[in-house]
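*Asks:* give me coordinates for this.
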Amino acid sequence: MKISTCLLFAFVTGVHAKGTAQKVTLKMRNARIEEALSAISKQSNLRVLYSENLNAKSRVTVNLKNASVEEALNSILSDKNIEYKIIANTISVNSNGKNDVVVEGTQQSITGTVKNADGNPLAGATITVKGTSISTQTDANGHFKINAGGNAVLVVRYVGYSNLEVSVNNRSSIAIVLDSNQNQIDEVVVTGLGAKIDKRTFTGATSKVDMKDIELGGLPDPSRALEGRVAGVSVQNTTGTFGSAPKIRVRGATSIYGSSKPLWVIDGIIIEDVSNVSSDDLSSGDALTLISSAVAGLNANDIESFTVLKDGSATSIYGARAMGGVIVITTKKGKAGRNSANYVGEFTSRAIPSYNNFNIMNSQEQMAFNQVLEQRGWLTMADVASRSESGVYGKMYELIKAGQLENTQEARNAYLRQAEYRNTDWFKQLFSRTIMQNHSVSLSSGTERAQYYTSISGVFDNGWARKSDVKRYTGMFNASYDLFDNLKLDLRTNGSYRDQRAPGTLGSSVDRVSMEIKRDFDINPYSYALNTSRTLDPNEFYTRNYAPFNILHELDNNYMDINAADIKFQGELRWKPIKALELGLLAATRYQQTSQQHYIKDQSNQALAYRWMPTTFIRDANPFLYTDPSDPYAVPVSVLPYGGIYNRTDNKMLTKDFRFTAAFDKTFKEIHKVYAFAGAETNSVDRNQNWFRGWGLQYDLGEIPFIDYKLFKKSQEENADYYSIDRRKNGDIAPARNRQVAFYGTANYTFDNRYTINGTLRYEGTNRLGRTTSARWMPTWNVSGMWNVMEEDFFKKLNTPFSNLSFKGSYSLTADRGPDFVTNSKIIIQSYNPWRPNTADKETGLNISDLENSELTYEKKHELNIGTSIGLFKNRIALDVDYYKRKNFDLIGIVNTQGLGGEISKYGNVANMESHGLEFSLSATILKKQDFSWVSSFIYTKAKNKITALENNSRVADLIAAGGYGRVGYPVRPLFSIPFNRLLPNGLPVYNYIDGAETTTGVYFQERKQIDWLKYEGPTEPTDMGSFGNVFSYKNFKLNVFITYSFGNVVRLDPAYKTGYSDLNATPREFWDAWTVPGEEAFTNIPVILDRRFIRNNSQYDYAYNAYNYSTETVAKGDFIRLKDISLSYELPKYFVQSLKMSNLGVRFNVINPWLIYADKRLNGQDPEFVNSGGVALPIAKQYTLTLKMGF
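*Replies:* Below is the predicted model:
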């Protein structure tokens, strides 16, 4: 007989005598038996167990006052042929039917244990001999003892787990494992601010995923595990370097210039970033991106679940913080019962990239191409001697000049032949298969009055790429205390420390005139391997920035150390003065500090470039030397004659949160359920940044500085600071002190579990925006409702396969504070040093950076959401569909004022946009048998947006850039291209231009007014995305195959075309198809490789080739289908594990990114997600992880 369990929680659990002594008052008419049993349970603090053959829907009428529990039970059960027993604080109710099993044979004593699938003991589980009243419960260690016949059947029940029938089969000892069944418990939606709403009455659009279902071995940053797991959430891995955040969108962009990033909430506390990095800058490769992830310091094994709040109904309680959605993380807590310890070890090896995936010339092809360059004057001895960079040809001429190589054709050919067959694999030189280890140990223990969870973890990564190693340590302690029956205290502490090394890098820049992207002294290993000729000897020094350069030597002498420390303390007190009311008081503080130390040693190429002048020609050409402007006869000199450079940047952040909440939850007359929640909170965030630039530090001489006075003179003339305390490098005020106060409340009413209405109101203020009350204070609200069709009487009478059917809708107003750099609620006056041509004229001044912008207010969003949830065949098939439509208004943009009011341009609430989307999430248990199951899931998201109002006109340079830029009538980040027309008979490109004109060199990248001639390519962010997953389980084996896909966006190909060439750089194979002779323009669109003399006399053709890099010829689709993860796990048999005195033991092997199934062929190996911007950016590698899990 299959048994189902109904467990009704009381707020305080008493002993048996105390429970049965409680008096019960019941007044019900034509009520269901289960409703009467529920009322008895709530009044007596006893739990109720009843078998499935009990007709709990039958009706009873009862009128009792101050009756005992036994009297109440007899009154409702005596005439129903139903019997009951009260054992160990539990009322066990069974139908006295004819199918009861008779126990035969001799009675014997049976002992055993009851545990869950993780091996943890289940205290308080009920074991009953089927067909009898013989029953017992497990103790705190899960042990039990019962008398039964040798052929008896034991029925085991425990809340939250599927009931299990076990045949004794003459055994004297039985080990029982129960499977979890979450459908037996009323689930709640945790919104993160203390509100916990019954999932059956929650009207918002949310998705919850358990960490155990989405964990990705080998990815220590838990935010990346969300990719493809939640409908409506896009995760773009624009870089995979540890500490850098992926680009996450919840239902697309919500701002034009703001970040549109979701809000991260961990255990009810909003997690701020120590340094605000916009979504557009996440792919920049700058060092600041290494501290951009809000959850990089969180151990993934400490996470219980993610809850993504998507629509206005779900996020409205966060008001003006959650326009971009909310991701709520719930960490693990201790459990009452036996102590348990768990260990998880991950061992990850990453594959070395292969040139087979890229369209790059090998050394033989490259040398043949170099001969073409030599014929066109690019690699002659005279030309190479004057160039800032050179490879094998430059080295050959250097040896000839030094007399170490004969200047004959035979000697030169012999030297170049060595390079032709060298075929250096830079990936193997710069990447390795070192093992990354991730170890985590957790302990859980507790009693009925106190529960504890603590963990420590360590990530040890020697670096996939050279000089890219990481060590991260985390710790967590969660404790819950029942101080009294109605007073609870929760304490949480977690911290992390990270020690990371990365290649030295400077910020990137774009020449807005020529649109050439530059990053001085870039030594990114991945970018170097893709862009460096394979003819070079990895042990040889060549020329770069006019100075000697070897990538292996440079990485050893030019690197950064990043240290990040983070600690959070949190305490929450919850008091129930009455059963239906809970009051809460929460306080939390978090401190985070990061330091970035950039070591540029004496013999690094970067340091040498500032003093390299072996010849007069190089001295005059070297841009890193200094020429005194006050001396008309001055020659370039070095400001760094000795030593290297030491750069340091420190970021600090302190947050404080205080919150008071009140929650009321009560059901009246069994059909009127009321839930109300109200709260008030105050938040503060203090950030500051200090930085220092130390020139002349002699690393080789005990780190003694050698300071040249010319450096300070040069800095004063360039108006460059040497150091700064509490100021940003870009001139903004650094000690950002943000303050917020908010009051909020929500009310939820449900009638008979069928109809639910909900309303939320939040009123908050911040010091970041304008000073007027209407600008600084903002009310946000939401109204929503839900219809649970399954509870309708007419639907119950229908013979349908539905096990769940509900509809919901919401309409809301939410907001956001806008871009982080817009903070001028009052006039901003800064001290500064005005530029003067002579040092003697220097003086300090005051600069009005920004005038007060008193009317600047919140960005706002109206959102309509309509959704349905469908369950079929006892929820073996589950479908969730949501449609939303948004109108974003008062978005912050730039206003050109023509100087009115004292400013040429200012920020204002002048932009609007619209968006809509569809979310589809399907899961199905296709096959489920005793030893085998197959569960499949499919997620699809469609999201589109369009800017409907924008004051500022975008430049051509912005619109054609890889990241796109806003323009009215198009998506938030559209990509435009210069329309390529054809090649001329001389091989030069021709473009369509303004008013139908054609041009080769006349493209003006700064044009703002006449831009309609540009071709719209598409959005840079995907419009269609999702996943397809399958989990196959056979006995103790589990195979997981997970595929992600993304469609609808376009990407700009990496720039490859230029007017100047050297033998240091790698060349794409498509250059073999470049125009060479008249007539080929009919067969190729790749422009001619110009000869050196032509370009020297016609420098304007630089614009023609830069324009080609941003033309319609350099765009590809960003569509892809990727096998994201495939894993195979095995749990060792319980009998074997228990013989080792363990609770569980398992292994798992998984591969991440094993196969890019589909991508546009035009990408030629370029990852459609990864932006190869150099600096510290690295893609997510194909990686193999072995995971070991042990429990005690």
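
*Asks:* surely residue 36 is in a strand?
*Replies:* No. Under DSSP: H, G, I helix; E, B strand; the rest coil, residue 36 falls outside any strand and is assigned helix.

*Asks:* burial measure for it, as a count.
*Replies:* By other CB atoms under 10 Å, 23 other residues sit near residue 36. Placement of C-beta: from N, CA and C, glycine included.

*Asks:* phi, psi of the closest residue to it other than its chain neighbours?
*Replies:* Distances taken as CB to CB, 6 or more residues apart in numbering place residue 76 nearest to residue 36, at 5.0 Å, with adjacent residues excluded. With angles defined as degrees, to the nearest 10, residue 76 sits at phi -100, psi -10.

*Asks:* tell me which element residue 86 falls in.
*Replies:* strand 82-87 (DSSP states H and E).

*Asks:* grab the nearest non-local neighbour of the residue nearest to the spatial centre of the chain.
*Replies:* With distances taken as CA atoms, centre = their mean, residue 223 lies nearest the centre of the chain, 3.4 Å away. In this structure, residue 223 finds its nearest non-sequential neighbour in residue 295, 5.3 Å apart by CB to CB, 6+ apart.

*Asks:* using the three-state scheme, assign that neighbour.
*Replies:* From three-state DSSP, the assignment for residue 295 is coil.

*Asks:* start the count at 515, not 1, going forward
*Replies:* Understood, numbering begins at 515; the last thing we discussed is residue 809.

*Asks:* that one reaches residue 733, doesn't it?
*Replies:* No. Contact between residue 809 and residue 733 fails when scored by CB atoms under 8 Å: they sit 11.8 Å apart.

*Asks:* and these two? Which one has more around it.
*Replies:* Comparing residue 809 with residue 733 by other CB under 10 Å, the one with more neighbours is residue 733, at 23 against 19.

*Asks:* look at the more buried one and give its secondary structure.
*Replies:* Per three-state DSSP, residue 733 ends up coil.

*Asks:* do I have it right that it meets residue 1666?
*Replies:* Yes. Between residue 733 and residue 1666 there is a contact at 6.8 Å, judged by CB under 8 Å.

*Asks:* joint contacts of those two?
*Replies:* Taking CB atoms under 8 Å, 6 or more residues apart in numbering as the contact criterion, the common neighbours of residue 733 and residue 1666 are residue 1694.

*Asks:* show me what contacts the residue nearest to residue 550?
*Replies:* Shown in contact with residue 590 (CB under 8 Å, 6+ apart): 547, 550-551, 574, 576.

*Asks:* now for these: which two are most distant?
*Replies:* Maximum pairwise distance among those (CB to CB): 11.3 Å, between 551 and 576.

*Asks:* mind checking which of the two has more residues around it?
*Replies:* Between residue 551 and residue 576, counting by other CB under 10 Å, residue 551 is the more crowded of the two (26 against 16).

*Asks:* so that one sits against residue 558, correct?
*Replies:* No. If you go by CB under 8 Å, residue 551 and residue 558 don't touch, sitting 10.5 Å apart.

*Asks:* got CSV for the contacts of residue 590, with distance to residue 998 and pLDDT too?
*Replies:* Converted to CSV, these look like this (distance: CB to CB, whole Å; pLDDT from 0 to 100):
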residue, distance to residue 998, pLDDT
547, 34, 78
550, 30, 81
551, 28, 82
574, 36, 79
576, 33, 81
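
*Asks:* what's the closest of the residues you listed to residue 1017?
*Replies:* Nearest to residue 1017 among the contacts of residue 590, with distances taken as CB to CB, is residue 551, at 67.7 Å.

*Asks:* who does the residue nearest to the closest one when sequence neighbours are not counted bridge with?
*Replies:* Spatially, and ignoring its direct neighbours in sequence, residue 551 is nearest to residue 562 (4.8 Å; CB to CB, 6+ apart). Per DSSP bridges, the residues bridged to residue 562 are residue 605.

*Asks:* how many other residues sit next to the residue nearest to residue 1422 when sequence neighbours are not counted?
*Replies:* Take residue 1422 and drop its neighbours on the chain: the residue closest to it by CB to CB, 6+ apart is residue 1409, 4.5 Å away. Look at residue 1409: counted by other CB under 10 Å, it has 18 neighbours.

*Asks:* distance of residue 1409 from residue 794?
*Replies:* For residue 1409, the distance to residue 794 (CB to CB, to the nearest Å) stands at 21 Å.

*Asks:* one more: residue 1170?
*Replies:* Taking CB to CB as the measure, residue 1170 falls 30 Å from residue 794.

*Asks:* in the stretch 815-964 of the chain, what spans have low per-residue confidence?
*Replies:* Applying pLDDT under 70 to the stretch 815-964 of the chain flags the ranges 851.

*Asks:* what are the boundaries of the strands in it?
*Replies:* Per DSSP state E, counting those that start in this stretch, the stretch 815-964 of the chain carries strands over the ranges 817-823, 840-845, 851-864, 949-960, 964-975.

*Asks:* most packed of the ones you listed?
*Replies:* The highest mean neighbour count among the strands of the stretch 815-964 of the chain, using mean count of other CB atoms under 10 Å, belongs to strand 840-845: a mean of 22.

*Asks:* for that one, packing partners?
*Replies:* Counting contacts by 3 or more CB pairs under 8 Å, 6 or more residues apart in numbering; DSSP states H and E, strand 840-845 packs against strand 761-764, strand 777-780, strand 817-823.

*Asks:* mind running it again at 7 Å?
*Replies:* With contacts taken as 3 or more CB pairs under 7 Å, 6 or more residues apart in numbering; DSSP states H and E, strand 840-845 sits against strand 777-780, strand 817-823.
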